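**Student:** What shape does this take:
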Amino acid sequence: YDPYVILEREVDGIPIKIGVIAFLPPEIMMWDRVLLEGRVYAEPIVDAAAKYIPKLQEEGVDLVIVSLHQGSSDAEAILENVEGIDAIIMGHSHGRIAEKIDGVPVTMAGSWGNSLGLIHFQLLNRDGKWEVFSSFPQLWYVDETIEAASEIVEAVKEQHEATIDYVMAPVGITTVPITGYFSRVIDNEVTQLVNEAQLWYARDYFKGTEFEGMPLLSAAAPFRTSTNVEAGDIRIMNAADIYIYSNTLHVVRVNGIELKGWLEKCAENFNQIDPSSTEDQNLLARFSSYNFDIIEGINYQIDVRNPVGQRIVNLTYEGEEIEDDMEFLVVTNNYRAGGGGYHLVDADIVLSSTVENRSVIIDYIIEQGTITPTPSYNWSIAPFEAAGRITFTSNQEAASIIDELGIKGIKYIGDRLFEVDLVELAENVPQTVSN
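**Tutor:** As a prediction, the model looks like this:
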């Protein structure tokens with residue numbers, strides 16, 4: 001394949017050659033190992049840039065634009081080691097950035113189309129050669145006040161309307177709201193639904209195979225803590241909100257040691273709490289929600305008084321303590337099975353499916369017709385009394401569902417801040433809901 005493209009354009013009628021090259025995280029070889037291993041290889045980004053940027057320059061390009069699926073620290077590393085780059089367009093972490101790094105303009109334009117990144121060049125052409133006189137990055141913020149470009153609206157009208165019709169198609173009914181507001185603090189409807197759907201699929205898949213009868217678990221993370229599906233019709237768009245990524249369903253075999261290590265990684269979701277401190281303490285660490293797997297089919301607690309790596313306690317399967325040599329099948333996705341998030345290393349993958357997890361959820365809802373995804377509370381934060389307040393932030397709208405869902409141990413303070421009483425929080429048990 002070609003490692004870069006050269007775009008031939010004109011500025012004021014004068015030809016200009018623009019070299020464009022893109023770099024992905026080498027970790028893609030881990031995340032999508034089952035698809036890529038033996039087919040492609042990946043080099044460190046800086047090494048690849050040092051190899052190909054000079055080749056672009058040898059081909060006589062006037063500008064070199066780098067598309068980087070990483071953040072500012074990687075941009076800095078490239079620019080410290082490689083010369084000749086005129087601009088970098090970043091992604092991955094979905095922040096909003098418009099700055100210069102080592103004199104080079106860089107942008108990152110947020111997510112969900114909320115911003116447009118621009119890089120402006122003032123160019124001079126001297127004796128047929130282009131020079132960058134000056135450059136600067138800029139972000140345009142997109143909101144309801146921005147008018148849509150009529151020519152684009154017309155060009156994609158047919159596809160847009162077909163997409164709207166598709167995502168609005170109903171697939172079933174939920175008798176309760178499905179929310180992710182407190183999903184990093186307490187068991188919730190989002191991960192419960194995903195896990196129930198994945199277990200439903202895997203039980204049927206493994207019937208009559210050598211794996212039938214093995215302890216079967218399921219792992220699911222709250223990809224978006226702002227997920228809010230109201231009780232009533234569930235549509236395709238809601239399934240996309242519940243499971244936003246196009247992951248494919250995978251099943252791994254783990255022993256008791258690997259299972260506990262997986263959970264310990266997930267427990268990094270929390271800060272270590274000092275119960276004797278009278279100061280406010282933030283319960284939630286800087287941790288991506290998509291790495292906070294809830295594993296259904298076992299019971300466990302997370303003791304946030306303990307340091308990282310020593311937090312999983314009372315880990316049981318069917319009432320018995322999980323031993324190191326016990327084996328389990330865990331339904332997950334290709335990202336986690338491939339090592340994404342560093343929860344697993346060289347996982348034993350027993351099913352590498354091309355079926356999307358989101359499709360499994362849709363099929364499950366269609367099969368059930370009406371669902372009531374009630375948290376099983378198979379996991380919880382180990383309760384203890386704290387001298388000071390333990391707090392976390394969430395969507396302000398979450399305050400209204402505390403009473404609606406009968407959640408104990410969480411109260412709204414104000415300005416998106418919530419206080420949690422871990423003793424009361426542990427009293428939550430599945431509620432009986434009438435269909």
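**Student:** hey, let's count contacts and neighbours off CA atoms from now on
**Tutor:** OK.
**Student:** Flag the shaky bits of the protein, pLDDT-wise.
**Tutor:** 430-435 (pLDDT under 70).
**Student:** Centroid-wise, who is the farthest residue in it?
**Tutor:** Asp127 (49.9 Å; CA atoms, centre = their mean).
**Student:** Return the distance of that residue relative to Ile14.
**Tutor:** Distance check for Asp127 against Ile14: by CA to CA, to the nearest Å, it reads 11 Å.
**Student:** Quick one: neighbours of the closest residue to Ile273 other than its chain neighbours, just the number.
**Tutor:** Among residues not flanking Ile273 along the chain, Arg305 sits closest, at 5.0 Å (CA to CA, 6 or more residues apart in numbering). By other CA atoms under 10 Å, the residues close to Arg305 number 18.
**Student:** Assign a three-state SS to the residue positioned nearest the centre of the chain, would you?
**Tutor:** Against the mean C-alpha coordinate of the chain, by CA atoms, centre = their mean, the closest residue is Tyr290 at 4.1 Å. The local conformation at Tyr290, judged by DSSP: H, G, I helix; E, B strand; the rest coil, is helix.
**Student:** likewise Asp187?
**Tutor:** Taking three-state DSSP, the label given to Asp187 is coil.
**Student:** any idea how far Val194 lies from Ser359?
**Tutor:** 11 Å.
**Student:** Give me the more crowded residue out of those two.
**Tutor:** Counting neighbours by other CA under 10 Å for Val194 and for Ser359 shows that Val194 has the greater number, 28 against 19.
**Student:** hang on, that one in a strand?
**Tutor:** No: assessed with three-state DSSP, Val194 is helix; it does not lie in a strand.
**Student:** Relative to Leu249, how far out is it?
**Tutor:** 11 Å.
**Student:** Equivalent analysis for Phe292, please.
**Tutor:** 17 Å.
**Student:** Likewise for Val185?
**Tutor:** Relative to Leu249, Val185 is positioned 25 Å away (CA to CA).
**Student:** Could you do Tyr300 as well?
**Tutor:** 24 Å.
**Student:** now Ser352
**Tutor:** Taking CA to CA, one finds Ser352 at 7 Å from Leu249.
**Student:** The two: which has the busier surroundings?
**Tutor:** Legend: neighbour count by other CA under 10 Å for Ser352 and Leu249, higher for Leu249 (24 against 16).
**Student:** Identify the residue nearest the more buried one in space, chain neighbours excluded?
**Tutor:** Per CA to CA, 6+ apart, closest to Leu249 is Asn333, 4.6 Å.
**Student:** tell me the contacts of the one you found?
**Tutor:** Contacts for Asn333 (CA atoms under 8 Å, 6 or more residues apart in numbering) come out as 247-251, 357.
**Student:** Make TSV from the residues you listed and add secondary structure and distance to Glu258 to it.
**Tutor:** Listed next are the contacts of Asn333 as TSV, based on DSSP: H, G, I helix; E, B strand; the rest coil; distance: CA to CA, whole Å:
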residue	secondary structure	distance to Glu258
Asn247	coil	22
Thr248	strand	22
Leu249	strand	19
His250	strand	16
Val251	strand	14
Asn357	helix	23
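**Student:** Among those, give me the pair with the biggest separation.
**Tutor:** Greatest spacing in the contacts of Asn333, by CA to CA: Asn247 and Val251 (12.6 Å).
**Student:** who has more neighbours, those two?
**Tutor:** More neighbours surround Val251 than the other of Asn247 and Val251, with 26 against 20 (other CA under 10 Å).
**Student:** For the more buried one, which residues count as its bridge partners?
**Tutor:** Val331, Leu351 (DSSP bridges).
**Student:** pretty sure it is touching Val350, no?
**Tutor:** Yes: in this structure, Val251 is within contact of Val350 by CA atoms under 8 Å, at 5.7 Å.
**Student:** Please, where are all the helices along the chain?
**Tutor:** Using DSSP state H, the helices of the chain run over residues 28-31, 33-36, 45-58, 72-81, 150-155, 157-167, 189-205, 236-242, 256-266, 334-337, 357-368, 401-404, 422-425.
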